[in-house]
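Participant: Sequence first, predicted model second:
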Amino acid sequence: MMEIEEANEPQGCNGMVYAHLAWKDVNVMVTLNNGDTRNVLEGLTGYAEPGTFTALMGPSGSGKSTLLDALSGRLASNAILSGKVLLNGRKAKLSFATAANVTQDDKLIGTLTVREMIYYSAQLRLPDRMPLSEKRTLVESRAQLLKWVYKIVLIRLLGIGTCAVLAEEKRGDASAFFVTQTVLSVQRGRTVIASIHQPSSEVFEQFDRLYLLSGGKTVYFGQVSEACKARYIFSTKSSLNYILKGQPGAQGMGKGQTTGIYCMQPYLVFLNSARDHHFQSSNHWSHGNNFTS
Ligand SMILES: Nc1ncnc2c1ncn2[C@@H]1O[C@H](COP(=O)(O)OP(=O)(O)OP(=O)(O)O)[C@@H](O)[C@H]1O
């Protein structure tokens, strides 16, 4: 595992600064309305490197959104973070130019077309000093990404030198596959962490690493390829399908069925997939502790 204290300094490449993200012993405690406190994340450690695509998975309520919020500095006011989150080896507040976070409830303007939404978002997020012509060029180049995807909604745009933020509604695995492909094709050194609920094996295999949570704890962190070798969980080529079908309380997912995935492309990307109806039972995940890498 990468030494968090020795994470690389930012490197320039075509004007882009790489984002080495690391987190160590991250705990998040929330204060409930009745004054009680509750640990939502406990002792999470991991990292995400430039040019890699990390799938953040786990049952509903396992802490995926909270981890993304913790990493991107967007925790709710009743939540307290302890532990370290380092960007390029330093504690850093992530900015729009560095990181983007697509949440499950991003608001869109329904009367605008996708292209208009991109322009609108660009006006808000890109710096005033950038000439309008440059903004237009940037937006148009990002808009080209939309051509493959069945239904894409732009949520947020980028900082300087970054590209569009895409969000994919969960409308079938073909869409998710194309969205994943699109992200991979333009990833170019960016650091992507995607919360994803229910990928098919085809989509899952597009990811480099899996970060699997259960009950706020890490169940597995490692290469997707290694996870697939862990026979108890991932015994078939339809790796994730097996998890869903083979565990009590889980609803099955056929090969090629729906997945929800959100995609976007600043340097450091946090993606949060839409809530879905699967993984209703989290109990079975707690038996998977022997898979922690
Ligand atoms: N600010 C908060 N205050 C109180 N409870 C919280 C807060 N944030 C998260 N929780 C609780 O922590 C648990 C984890 O929530 P989180 O949204 O991170 O899970 P998740 O894995 O993203 O779930 P889903 O897949 O359903 O989106 C849930 O039980 C949630 O109710």
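Facilitator: It's in.
Participant: ok, stretch 36-43 near the ligand or not?
Facilitator: Yes: Stretch 36-43 is in contact with the ligand by Cβ under 6 Å from any ligand atom, via Val40. Backbone N, C-alpha and C define where each C-beta goes, glycine included.
Participant: again, but for stretch 216-226
Facilitator: No: applying Cβ under 6 Å from any ligand atom, one finds stretch 216-226 separated from the ligand by no less than 6.8 Å.
Participant: Can you give me the buried ones in that stretch?
Facilitator: Applying a neighbour-count criterion of 16 or more other Cβ atoms under 10 Å, one finds 216-222, 224 buried in stretch 216-226.
Participant: Let's test this: mean pLDDT of it, rounded?
Facilitator: What stretch 216-226 shows for mean pLDDT is 84.
Participant: Restricting to C-alpha, output that stretch in PDB.
Facilitator: Only the C-alpha atoms of stretch 216-226 are listed here, as PDB (Å, rounded to 0.1, in the frame of the first residue of the first chain):
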ATOM      1  CA  GLY A 216     -18.800   1.900   8.000                       C
ATOM      2  CA  LYS A 217     -15.700  -0.400   7.900                       C
ATOM      3  CA  THR A 218     -13.500  -1.500   5.100                       C
ATOM      4  CA  VAL A 219     -14.300  -5.000   4.000                       C
ATOM      5  CA  TYR A 220     -11.900  -5.100   1.000                       C
ATOM      6  CA  PHE A 221      -9.500  -2.700  -0.600                       C
ATOM      7  CA  GLY A 222      -7.500  -3.900  -3.500                       C
ATOM      8  CA  GLN A 223      -7.300  -4.600  -7.200                       C
ATOM      9  CA  VAL A 224     -10.500  -5.600  -8.800                       C
ATOM     10  CA  SER A 225      -8.600  -8.500 -10.500                       C
ATOM     11  CA  GLU A 226      -7.500  -9.800  -7.000                       C
END
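Participant: Stretch 30-43: end-to-end distance?
Facilitator: Distance across stretch 30-43, first residue to last, is 15 Å (Cα to Cα, to the nearest Å).
Participant: What mean pLDDT does that stretch get?
Facilitator: 96.
Participant: What residues sit buried inside that stretch?
Facilitator: Quick answer for stretch 30-43 (16+ other Cβ under 10 Å): 30, 40-42.
Participant: Which of the residues you listed fall within strands?
Facilitator: If you go by DSSP state E, these have 30, 40-42 in strands.
Participant: Pick the one among the residues you listed closest to Glu49.
Facilitator: The shortest gap between Glu49 and any of those belongs to Leu41, at 21.2 Å (Cβ to Cβ).
Participant: isn't that closest one right next to Leu71, touching?
Facilitator: No: counting by Cβ atoms under 8 Å, Leu41 sits too far from Leu71 to count as a contact (10.6 Å).
Participant: where does the closest residue to Val85 other than its chain neighbours land in three-state SS?
Facilitator: Leaving aside its sequence neighbours, Val85 sits nearest to Trp23 (Cβ to Cβ, 6 or more residues apart in numbering; 4.8 Å). Here Trp23 is strand, with the state taken from DSSP: H, G, I helix; E, B strand; the rest coil.
Participant: roughly how far apart are Trp23 and Gln206?
Facilitator: Trp23 sits 23 Å away from Gln206, going by Cβ to Cβ, to the nearest Å.
Participant: helix or strand for the nearest residue to Leu75 once chain neighbours are set aside, which one?
Facilitator: Spatially, and ignoring its direct neighbours in sequence, Leu75 is nearest to Asp69 (4.9 Å; Cβ to Cβ, 6+ apart). According to DSSP states H and E, Asp69 maps onto helix 64-71.
Participant: In the stretch 151-293 of the chain, where is pLDDT below threshold?
Facilitator: 151-190, 197-203, 227-293 (pLDDT under 70).
Participant: Apply 80 and report the result again.
Facilitator: Within the stretch 151-293 of the chain, the segments meeting pLDDT under 80 span 151-206, 225-293.
Participant: Show me what from this structure comes close to the ligand.
Facilitator: So the chain meets the ligand at 30, 32, 40, 58, 60-66, 76, 78-79, 275 (Cβ under 6 Å from any ligand atom).
Participant: which non-adjacent residue is nearest Tyr220?
Facilitator: Leu212 (4.1 Å).
Participant: Assign a three-state SS to Asp128, would you?
Facilitator: Going by three-state DSSP: Asp128 is coil.
Participant: burial of it, as a residue count?
Facilitator: 5 (other Cβ atoms under 10 Å).
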